[in-house]
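J.: Any chance you can model this:
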Amino acid sequence: MSISVDPPDATATLGNIVDLSRYPIDRPGDPRLVAVIAGSRDDLATTGCSVLAGFFAPGLSQMQREAAQLAPDAYVQERYGNPYSSADDPTLPDDHPVRSKLKRTQGFVAADRIPAGSVLKRVFHDVGFRNFVGACLGIDALYDYADPLGQLVLNVIHGAGEHPWHFDTGEFVVSSLLQAPLDGGAFEYYPNIRSPQDENFDAVGRVIRGESRDEVHRLSLRPGDVQLFLGRYSLHRVAPVQGAQPRLSAIFSYARQPGMLATAERTRHLFGRVTDRHLDADNLATRSDTLRD
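T.: All right, here's what the predicted structure looks like:
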């Protein structure tokens, strides 16, 4: 399935997509931008999350139209698993988080289904946006995620669907809520519940069983907001969505090194398919830590 989009305008700037008065990413030395970056870094250092309110306000209507047209093409699945997307381990106690079976019902539209002329693709490939994200994250050189399916995706969660407690395989994620559901769908997270040296299984188990809420942060994001999140070490979820209107969000993926791809197993879970590049990359994949994932 494809969507109808206007032809790219060679003279267009980000001014009709990004609120450049608040976030002048086209002027790297602007004091307003310097202040935004500093504030974002502080937020990430303290809670692992930074929300840039109304970032895409000028382009939101077009983004929403694109998302609504793309949403029916999402690969939707319902499955049960643990926060690590790993196999069960029957040698562990029944209440161990690795043995948990959390219901996940959501869909993903892969990058190769999103047209090159769309606003979503224009934003993802924009060097100014990527450099701004890198500056907020404190990363000098940031690259487009090379994964042909996962570099830019539309996340679709219909009524009664949810993305349960989990950890990300990547160090960080950049996303924007495009359409809020009628009710529910809040983003919840427990900052830095684990580290590269410690899985902290006891604390993770208490959160997913609903026994501990004191350290859980809850965000009610607004359409057009951009969220920077360090999800490798922070347990997080999208709470159950309610109502007939699905929750739609765009996920922009970048990496510290060029050529990075997801594993074939994880790609198949998300999109129901893989490419030859994923199969080839599995033979070379390595991890910089020993976490379960």
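J.: Quick check: which element contains the residue of the chain positioned farthest from its centre?
T.: Going by Cα atoms, centre = their mean, the residue of the chain most distant from its centre is residue 91, 32.3 Å out. For residue 91, there is no host helix or strand (DSSP states H and E).
J.: residues touching the closest residue to residue 186 other than its chain neighbours, list them.
T.: The shortest distance from residue 186 to any residue other than its chain neighbours is 4.8 Å, reached at residue 239 (Cβ to Cβ, 6 or more residues apart in numbering). C-beta here means a position set from N, CA and C on the backbone, and glycine is covered the same way. Taking Cβ atoms under 8 Å, 6 or more residues apart in numbering, we find residue 239 in contact with 162, 184-188.
J.: please redo it, this time with the cut-off set to 10 Å
T.: Residue 239 sits next to 157, 162-164, 181, 184-188, 218, 247 when contact means Cβ atoms under 10 Å, 6 or more residues apart in numbering.
J.: Could you count how many residues lie near residue 266?
T.: Other residues near residue 266 come to 15 when the count uses other Cβ atoms under 10 Å.
J.: how close does the residue farthest from the centre of the chain sit to residue 99?
T.: 10 Å (Cβ to Cβ, to the nearest Å).
J.: same question, residue 59
T.: 44 Å.
J.: Looking at the contacts of residue 239, spot the one nearest residue 254.
T.: Among those, residue 187 lies closest to residue 254 (Cβ to Cβ), at 19.7 Å.
J.: Next up, the contacts around that closest one.
T.: 49, 51, 163, 175, 177, 217-221, 227, 229, 236-239, 247, 249.
J.: All the helices of the stretch 151-293 of the chain, in order from the start?
T.: 201-208, 264-271, 276-282 (DSSP state H, counting those that start in this stretch).
J.: Let me have those in JSON lines, extended by distance to residue 169.
T.: Supplementary listing: these in JSON lines, determined by distance: least, Cβ to Cβ, whole Å:
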{"stretch": "helix 201-208", "distance to residue 169": "16"}
{"stretch": "helix 264-271", "distance to residue 169": "7"}
{"stretch": "helix 276-282", "distance to residue 169": "13"}
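J.: out of these, which comes closest to residue 64?
T.: helix 264-271 (22.6 Å).
J.: got a list of contacts for the longest helix belonging to the chain?
T.: The helix that spans the most residues within the chain, counting by DSSP state H, is helix 31-47. Helix 31-47 is touched from outside by 20-28, 30, 49-52, 55, 132-138, 172, 189, 191-192, 217, 226, 228-230, 234, with contacts defined as Cβ under 10 Å, 6+ apart.
J.: pLDDT of it, averaged?
T.: Taken as a whole, helix 31-47 has a mean pLDDT of 97.
J.: May I see the buried residues of that helix?
T.: 33, 36-37, 40-41, 43-44 (16 or more other Cβ atoms under 10 Å).
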